[in-house]
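Enquirer: could you work out the structure for the sequence below:
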Amino acid sequence: QVQLQESGPGLVKPSQTLSLTCTVSGGSITDNNYYWIWMRQSPRKGLEWIGAIASSGSTYYSPALKSRPSISMDTAKNQFTLQLTSVTPADTAVYYCVRATSVVVRSTDSGSWGQGTQVTVSS
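Expert: Purely as a prediction, here's the structure:
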């Protein structure tokens, strides 16, 4: 059974870059049946799709976030990462990594989810 675990700093200052890593066990990120996705949830915006990476390395991003997110993978470590530049307090949320068979996920009923990690943007 696949398991996903998010890691990274819980506090980021405004204008800095948020960096999170998702470590995958019980499955390979090179499995071409799946997409590897970052989501976030906040009281203000609800559940939000940030972007995804396929096993081929192709990436897909939410237009709402413009050019700020970047997703990459490290096949040797079986990890994928999110970088979000120029953060503001509006980026404060619980961030989740997800494995799914579709590139976009809209609910927690789809795919396999990590437990989530709280990220707060504050000076």
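
Enquirer: for the residue nearest to residue 32 when sequence neighbours are not counted, give me the pLDDT.
Expert: Nearest residue to residue 32, sequence neighbours excluded (C-beta to C-beta, 6 or more residues apart in numbering): residue 55, at 4.5 Å. C-beta coordinates here come from the backbone N, C-alpha and C atoms, glycine included. We have a pLDDT of 93 for residue 55.

Enquirer: residue 55 and residue 111, how far apart?
Expert: As for residue 55, its distance to residue 111 is 15 Å (criterion: C-beta to C-beta, to the nearest Å).

Enquirer: look at those two and report which has more neighbours.
Expert: Counted by other C-beta atoms under 10 Å, residue 55 and residue 111 do not tie: residue 111 has more neighbours, with 21 against 16.

Enquirer: might you report the residue contacts of the residue nearest to residue 84 when sequence neighbours are not counted?
Expert: Spatially, and ignoring its direct neighbours in sequence, residue 84 is nearest to residue 18 (4.3 Å; C-beta to C-beta, 6+ apart). Neighbour list for residue 18: 8-9, 12, 82-84, 87, 91, 119, 121 [criterion: C-beta atoms under 8 Å, 6 or more residues apart in numbering].

Enquirer: re earlier: wait, the residue nearest to residue 32 sits on residue 78?
Expert: No. Here residue 55 does not reach residue 78: they are 11.6 Å apart, not a contact under C-beta atoms under 8 Å.

Enquirer: common neighbours of those two, please.
Expert: Residues within reach of residue 55 and of residue 78 at once, by C-beta under 8 Å, 6+ apart, are residue 29.

Enquirer: show me where the protein has its strands.
Expert: Assigned by DSSP state E, the chain shows strands spanning 3-7, 11-12, 18-25, 35-42, 46-54, 59-61, 69-74, 79-84, 93-100, 112-113, 117-121.

Enquirer: need these in TSV (columns: distance to residue 106).
Expert: Formatted as TSV, those follow (distance: least, C-beta to C-beta, whole Å):
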stretch	distance to residue 106
strand 3-7	18
strand 11-12	26
strand 18-25	19
strand 35-42	9
strand 46-54	7
strand 59-61	14
strand 69-74	18
strand 79-84	18
strand 93-100	10
strand 112-113	13
strand 117-121	21
